[in-house]
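Q: Task: produce atomic coordinates for the following.
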Amino acid sequence: MTAYQDDIDAIRELKEQAGSSWDAINPESVARMRAQNRFKTGLEIAQYTADIMRRDMGEYDADSSVYTQSLGVWHGFIGQQKLISIKKHLKTTNKRYLYLSGWMVAALRSEFGPLPDQSMHEKTSVPALIEELYTFLRQADARELDLLFTQLDDARSAGDDTAAEFVQSQIDNFETHVVPIIADVDAGFGNPEATYLLAKKMIEAGACAIQIENQVSDEKQCGHQDGKVTVPHEDFIAKLTAVRYAFLELGIGNGVIVARTDSLGAGLTQKLAVTNTPGDLGDQYNSFLDVEEITENELGNGDVIIKREGKLLRPKRLASNLFQFRAGTGEERCVLDSITSLQNGADLLWIETEKPHVEQIAGMMDKVREVIPNAKLVYNNSPSFNWTLNFRQQAYDLFVEQGRDVSVYERGALMNVDYDDTELGRAADEMIRTFQRDSSARAGIFHHLITLPTYHTAALSTDDLAKGYFAEEGMLAYVKGVQRREIREGIATVKHQNMAGSDIGDNHKEYFAGDAALKAGGKDNTMNQFG
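A: Presented below is the predicted three-dimensional model:
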């Protein structure tokens, strides 16, 4: 017995109990509507997807080749089309997630208009996007099942029991488009209470994984820009704890927290850490400060002083009242941040780097794993990196190390298109192709994401269309570059009325009004031109 048949039987029994007033109710129609609406609340989604992530984390611990991936999306439709494409091409959504990028929320979803990634956008825009994404993913379920129900009815009408049985098995074993979302809460948008309140909204919308960074909320910067300011570990731990309380309050006991450190590129701190005993966490944080030893006589008005090992140390303080870390301490601070976060409630790490380099990442993770052997990373395969240049430089340096002749290459001009089809260019492209596999095996990367790829793809595809349509190509630019490809490549949106739910609505009209239903999908619907 399947869930679909169980629902038919249960509704048939209810109908019998209700008597003649329910004569218009078709139990199978109700079962179909239930199948198309599997998830009733965001919390159901959060629990379902948390279970998926925990299973995937365990599988990665056993085999690093089964890492997970996602693309950042900024609209429900974009997320929906991504999952539809994954199911079409790869046949399963297994190990494929969505990433909700704070950068893209700021740039594309704020009522203020485009904003930099500095936590200036409305807090509510983050849970609103999570809810929107899952609304579109659930609609993708409803649409695909609706197509299967139509195939089932056609097979039955034709008396083809074999076809009907095959379609029924597809319905019974349907894989949902609903997948985990790793959602960016930036630096928490305020104090721990503010972080807790926003985390609750995000979880209620369906988020099973929340990513939070160790920057100062009111000075938050994009991880790939300058001017980043970190907070002492105790401050960050309070926010990790706040997120955990939000998960637990809402009953998601296995919710996932991703602790991100921006220390590699952050040279400043807003305040000194509280320390009670030598070597405690606060003392370790302060030990990275850029200080000068002074005597009591050299104390100036308003100076802040640290006493360590009997010495008076004056941290270098900027005009902004921020304190400066010593140059070259970023990796050490990342390691301490990561260990401390995992020891205080985080499940996964995120180390924001300035370039995609397997050994750099692995060097830090090796040290983390000396303390916490199963430490795992979420890694940002960022569009802020020039991937071509970075890997051509890495390939060039590898060639030099191997004693190979590099006289035909100019290291300072490796972006030159002339290098595209050279041995070095091909070697660099192969390193890019295998970067996710190699770094997951070597550097403990459980999840690979690209923060804002669909920001760039939307711009590129729009540019392709605009440059032809508004010039000599006219409609051919759309027909050749878009519609013809949609038809030939089986892109779901070619039948945009169906994608928007017209056929689902027609079926509902028939459920509700029977033969009197006024349906949109008749012979005069121009969508019929697409078969």
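
Q: Show me the helices in the stretch 151-300 of the chain, by range?
A: 161-172, 192-205, 233-249, 281-286 (DSSP state H, counting those that start in this stretch).

Q: burial count for the nearest residue to residue 152 once chain neighbours are set aside?
A: Excluding its sequence neighbours, the residue lying closest to residue 152 (CB to CB, 6 or more residues apart in numbering) is residue 167, at 4.5 Å. For glycine as for every other residue, the C-beta is placed from the backbone atoms N, C-alpha and C. Residues near residue 167, counting by other CB atoms under 10 Å, number 21.

Q: before we move on, what about residue 514?
A: Residue 514: 10 surrounding residues under other CB under 10 Å.

Q: circling back: out of the helices of the stretch 151-300 of the chain, nearest to residue 135?
A: helix 192-205 (9.8 Å; CB to CB).

Q: Report the buried residues of the closest one.
A: 192, 195-196, 198-205 (16 or more other CB atoms under 10 Å).

Q: cool, stretch 458-473 as well?
A: Buried residues in stretch 458-473 (16+ other CB under 10 Å): 468-469.

Q: what comes into contact with it?
A: 78, 474-478, 480-482 (CB atoms under 8 Å, 6 or more residues apart in numbering).

Q: Neighbour count says what about these? Which are buried?
A: Here, 16+ other CB under 10 Å leaves 78, 477, 481-482 buried among the contacts of stretch 458-473.

Q: Same list (those residues) but as a markdown table, adding secondary structure.
A: Output for those, formatted as a markdown table (DSSP: H, G, I helix; E, B strand; the rest coil):
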| residue | secondary structure |
| --- | --- |
| 78 | helix |
| 477 | helix |
| 481 | helix |
| 482 | helix |
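
Q: Just flag the most distant two among these.
A: 78 and 477 (22.0 Å).

Q: any weak-confidence spans in the chain?
A: 1, 218-227, 520-531 (pLDDT under 70).

Q: Now do the SS call for the residue most central in space within it.
A: Most central in the chain under CA atoms, centre = their mean is residue 99, positioned 1.2 Å from the mean C-alpha point. Under three-state DSSP, the three-state class of residue 99 is strand.

Q: mind checking how far it is from residue 380?
A: To residue 380, residue 99 is 9 Å away according to CB to CB, to the nearest Å.

Q: now swap in residue 360 and tell me
A: 14 Å.

Q: which residues are common contacts for residue 99 and residue 380?
A: Contacts common to residue 99 and residue 380, judged by CB under 8 Å, 6+ apart, are 449-451.

Q: Give the buried residues for stretch 442-451.
A: Going by neighbour count (16+ other CB under 10 Å), the buried part of stretch 442-451 is 443-451.

Q: elements contacting the helix or strand that contains residue 388?
A: Assigned by DSSP states H and E, residue 388 falls within helix 387-401. For helix 387-401, the contact count by 3 or more CB pairs under 8 Å, 6 or more residues apart in numbering; DSSP states H and E identifies helix 423-433 as packing neighbours.

Q: Can you name the element that comes right after the helix it packs on?
A: helix 435-443.

Q: What helices and strands are in contact with that next one?
A: helix 358-371, strand 377-380, strand 445-450.

Q: Tell me which of those sits nearest to residue 40.
A: That would be strand 445-450 among the helices and strands packed on helix 435-443, by CB to CB, at 27.8 Å.

Q: List the strands paired with the closest one, with their directions.
A: strand 68-73 (parallel), strand 377-380 (parallel) (DSSP bridges).

Q: since we're on the residue nearest to residue 47 when sequence neighbours are not counted, how many residues are nearby?
A: For residue 47, ignoring the flanking residues on the chain, the nearest one in space by CB to CB, 6+ apart is residue 252 at 5.7 Å. If you count neighbours by other CB under 10 Å, residue 252 ends up with 20.

Q: mind checking how far residue 254 is from residue 344?
A: 17 Å.
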